[in-house]
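# When you get a sec, could you give me coordinates for this:
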Amino acid sequence: MTKTTVKLQIPFESLLDAIANLPLEEKHQLWQLLNEEINQGEGNFLQEDSYDWGSQGQPKGKPVEYISGVGLTVVGGKDAPT
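Presented below is the predicted three-dimensional model:
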């Protein structure tokens, strides 16, 4: 059996309506699929080449870390030393 790929353009509002009408189990399956796609996309973003800060190097500042689903956060909280 061969697979056929079809590309569709569905208006976002129509997609939202279709999702709203899914049974709960299928919503969970969709959420799982989307979560995997998001994590993969974020992983690809983080694997890109590091930033070139120029001849003076990275400026001083508070250390940060990236938390998936949250974004950049200051390590040690907002009161962490510079």
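
# quick one, longest helix in this structure?
Identified as the longest helix of the chain according to DSSP state H is helix 24-46.

# List of residues touching the helix or strand following that one?
Sequence order places strand 64-67 as the next helix or strand after helix 24-46, per DSSP states H and E. Applying CB atoms under 8 Å, 6 or more residues apart in numbering, the contact partners of strand 64-67 are 46, 72-75. For the C-beta atoms, the positions are set from N, CA and C on the backbone; glycine is no exception.

# And stretch 30-44, by the same measure?
19, 22, 68.

# low-confidence ranges in the chain?
44-49, 78, 80-82 (pLDDT under 70).

# What's the separation between residue 14 and residue 26?
Taking CB to CB, to the nearest Å as the measure, residue 14 falls 17 Å from residue 26.

# Let's verify residue 3: helix, strand, or coil?
Counting by DSSP: H, G, I helix; E, B strand; the rest coil, the backbone at residue 3 sits in coil.

# That's all I had, so thanks and see you.
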